[in-house]
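Asker: sequence and predicted structure, then a few things I'm wondering about:
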Amino acid sequence: MSMLRDISLAGAGQTKIEFASRRMPVLAALAERFAETKPFAGHRIAACLHVTTETANMCKALVAGGAELALCASNPLSTKDDVAASIQRDIGAEVFAIYGCDRETFYKQVQGVLDIRPTIVVDDGADLTSIIHNDYPQLLEDIIGGTEVTSTGVLRMRNMETDGALKYPVLPTNDAATKHLFDNRYGTGQNTIDGILRATNMLLAGSTVVIVGYGWCGRGVAMRARGMGANVIITEIDPIRALEAKLDGLLVMKLDDALAHGDIYVTVTGNRDVITLSHMERMKDGAVICNSGHFDVEIAVEALQKAAVDRRELRPNCVEYVLADGPRIILLAEGRLVGQSAAEAHPAEVMDMTFSTQALGVQYLIENAASMKPGVHEIPRSIENIVASAKLEAYGVTIDTLSDAQQSYLTDWRVGT
Ligand code: SAH
């Protein structure tokens, strides 16, 4: 039984899904092919994803390909209730997602999708995977494999593998070049800025933005913040990434040293307790802090709430906390992903590549899982090439090909220099 805000919102959701679909040409073409070849027939897929127009289009492709599908939200603040209603009514998946629901309802939704007794698990953040392994091991028998769309989820699954705990093969969608080079960099880069602007309407030009973490997401946020005229400071713990930031022309320093300068702080590390109360106490008055990395654990939100002597909501997703004898700290989106919560998650154009890669990954699992050991595998290069070529074609871009002589120069060591 589905869990939705209101099924009568489906009409509005359907229009938005259709608009996104026009900007997801690779996935739309795959859906057409799947409708003919039915690669997912006989499979039950449990998915835990942001319930957005982009996810809706992937659901459409999977259902067109013959899958029975149940979907729950991977984050209560990213769910679009009208889209959820349309996925249920028009696409025919069983949907468990209500915007802004409490933690208890959120976990009920996760349990709800498991009633489908999945053969395949499509995860975002490894929540479904860890709940299945911890609480519903009886489901493991039917599961042939899974996919994981985000960096932190892949990390959790690799840790499960190291412990010998992961019981089925997983394809890490995030590790595909057609995912992280675009989704993490340009998707997070744009929607983090979008979330900050919608929540605060601050001018970025001339401000100092401190970005904690210079992975693919951090690189994207830095590039976009700089493009808007901000001074960008990077803090890192990895010497190679720090060096890269330095040679990209950014200021690199310890977070402690950045505290005197930052007007806006963005955490994009995938780790916990990155900005602590002690950091906040030393920030400038009115410093804005937000997270674009991992759930709501990167910023010490609870410690801030406990320490604050006053709290007021300045604007939606924008709350000011007053620290005694300290600065006023402005926290966006409760420390959850700001681009997903205060803006609208990644745009369709990048999710086209992510979800095409993922849908082809699911098909690959169905064809190959029998010979794959439990553990985290690699997304085959052939899938990346199919998705990149189709995306270029959709953009109307054609590229050169190697001549035979060039091909043998690259592959035959005897040809020499
Ligand atoms: N650690 C995260 C979990 C993943 S969020 C958390 O805190 O919730 C980041 C993932 O969301 C990315 O891997 C991206 O592919 C996915 N995502 C971003 N925009 C999306 C959209 N419009 N629809 C569906 N998924 C989206």
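Answerer: Perfect, I can see it now.

Asker: and the top strand by length along the chain, which residues are buried?
Answerer: Longest strand in the chain, counting residues (DSSP state E): strand 308-315. Using 16 or more other C-beta atoms under 10 Å as the test for burial, strand 308-315 gives Ala308. Using the backbone N, CA and C atoms, a C-beta is placed for each residue, glycine as well.

Asker: and the next helix or strand after that strand, average pLDDT?
Answerer: For strand 308-315, the following helix or strand on the C-terminal side (DSSP states H and E) is strand 318-323. For strand 318-323, mean pLDDT is 98.

Asker: contact partners of the longest strand of the chain?
Answerer: With C-beta atoms under 8 Å, 6 or more residues apart in numbering as the test, strand 308-315 has contacts from Ala199, Thr200, Asn201, Gln305, Val319, Glu320, Tyr321, Val322, Leu323, Ala324, Ile329, Ile330.

Asker: so the first one sits against Leu331, correct?
Answerer: So the one you mean is Ala199. No: the criterion here is C-beta atoms under 8 Å, and Ala199 misses it with Leu331 at 9.8 Å.

Asker: now do the shared contacts for those two.
Answerer: With C-beta under 8 Å, 6+ apart as the test, Ala199 and Leu331 both reach Cys290, Cys318.

Asker: which of the contacts of strand 308-315 are buried, as a ChimeraX select command?
Answerer: This is the ChimeraX syntax for the buried subset of those, where burial follows 16+ other C-beta under 10 Å:
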select :199,200,319,320,321,323,329,330
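
Asker: which one of the contacts of strand 308-315 is nearest Val268?
Answerer: Distance to Val268, by C-beta to C-beta, is smallest for Ala199 among those, at 16.5 Å.

Asker: just to confirm, which helix or strand has that closest one in it?
Answerer: In this structure, Ala199 sits in helix 188-200 according to DSSP H and E.

Asker: then His133?
Answerer: Take DSSP H and E as the rule and His133 turns out to sit in helix 127-135.

Asker: buried sites along that helix?
Answerer: Buried residues in helix 127-135, defined by neighbour count with 16+ other C-beta under 10 Å: Asp127, Leu128, Thr129, Ser130, Ile131, Ile132, His133.

Asker: how about stretch 10-30?
Answerer: For stretch 10-30, a neighbour-count test (16+ other C-beta under 10 Å) marks 10, 13-14, 16-17, 20-21, 23-28, 30 as buried.

Asker: which of those residues sit farthest apart?
Answerer: Pairwise distances across the buried residues of stretch 10-30 (C-beta to C-beta) peak at 25.6 Å, for the pair Ala10 and Val26.

Asker: which elements pack onto the helix or strand where Gln406 lies?
Answerer: Element membership for Gln406, per DSSP H and E: helix 404-411. Applying 3 or more C-beta pairs under 8 Å, 6 or more residues apart in numbering; DSSP states H and E, one finds that helix 404-411 contacts no other helix or strand.

Asker: where does the chain have low pLDDT?
Answerer: Scanning the chain for pLDDT under 70 picks out the ranges 416-417.

Asker: for it, what lies in contact range of the ligand?
Answerer: Proximity of the chain to the ligand (C-beta under 6 Å from any ligand atom) is limited to residues 49-50, 52, 54-55, 74-75, 124-125, 149-150, 152, 174, 183, 187, 294-295, 337, 345-346, 351, 354.

Asker: would a markdown table of the buried residues of helix 127-135 with distance to Gly229 be doable?
Answerer: As requested, these are exported to a markdown table (distance: C-beta to C-beta, whole Å):
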| residue | distance to Gly229 |
| --- | --- |
| Asp127 | 38 |
| Leu128 | 41 |
| Thr129 | 42 |
| Ser130 | 42 |
| Ile131 | 44 |
| Ile132 | 47 |
| His133 | 47 |
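
Asker: so which of those residues is the closest to the ligand?
Answerer: Each of the buried residues of helix 127-135 was scored against the ligand by C-beta to the nearest ligand atom, and Asp127 proved nearest at 8.7 Å.

Asker: what's near enough to touch the closest one?
Answerer: Taking C-beta under 8 Å, 6+ apart, one finds Cys48, Ser74, Val110 in contact with Asp127.

Asker: what about these, which one has the most neighbours?
Answerer: When neighbours are counted by other C-beta atoms under 10 Å, Cys48 leads the contacts of Asp127 with 29 neighbours.

Asker: I'd guessed it sits against Ala70; true?
Answerer: No: look at Cys48 against Ala70 with C-beta under 8 Å: they stay out of range, at 9.6 Å.

Asker: shared neighbours of those two, anything?
Answerer: Shared contacts of Cys48 and Ala70 (C-beta under 8 Å, 6+ apart): Val113.

Asker: now do the strands in the stretch 1-150 of the chain.
Answerer: For the stretch 1-150 of the chain, the strands defined by DSSP state E, counting those that start in this stretch occupy 44-49, 68-73, 94-96, 120-123, 145-148.

Asker: can I get these in JSON lines with distance to Ile237?
Answerer: What follows is the strands of the stretch 1-150 of the chain, written out as JSON lines (distance: least, C-beta to C-beta, whole Å):
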{"stretch": "strand 44-49", "distance to Ile237": "29"}
{"stretch": "strand 68-73", "distance to Ile237": "31"}
{"stretch": "strand 94-96", "distance to Ile237": "37"}
{"stretch": "strand 120-123", "distance to Ile237": "27"}
{"stretch": "strand 145-148", "distance to Ile237": "24"}
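
Asker: out of those, which is closest to Leu410?
Answerer: Among the strands of the stretch 1-150 of the chain, if distance is taken as C-beta to C-beta, the winner is strand 145-148, at 32.1 Å.

Asker: residues in contact with that closest one?
Answerer: With contact meaning C-beta under 8 Å, 6+ apart, strand 145-148 is reached by 120-124, 126, 128-129, 154, 157, 168-174, 358, 361-362, 365, 369, 372, 376.

Asker: pull the contacting residues for the spatially most central residue of the chain.
Answerer: Centroid-nearest residue in the chain, with C-alpha atoms, centre = their mean: Thr150, separated by 5.3 Å. Thr150 sits next to Asp124, Gly125, Asn174 when contact means C-beta under 8 Å, 6+ apart.

Asker: is it true that the second one touches Phe295?
Answerer: In this case it means Gly125. Yes: between Gly125 and Phe295 there is a contact under C-beta under 8 Å: 7.1 Å.

Asker: higher neighbour count, the two?
Answerer: Of the pair Gly125 and Phe295, Gly125 is the one with more neighbours under other C-beta under 10 Å, namely 22 against 16.

Asker: for the residue lying closest to the more buried one once chain neighbours are set aside, what are its contacts?
Answerer: If the residues on either side of it in the chain are set aside, Gly125 comes closest to Gly153, at 4.6 Å by C-beta to C-beta, 6 or more residues apart in numbering. With contact taken as C-beta under 8 Å, 6+ apart, Gly153 is in contact with Asp123, Asp124, Gly125, Ala126, Thr129, Asn174.
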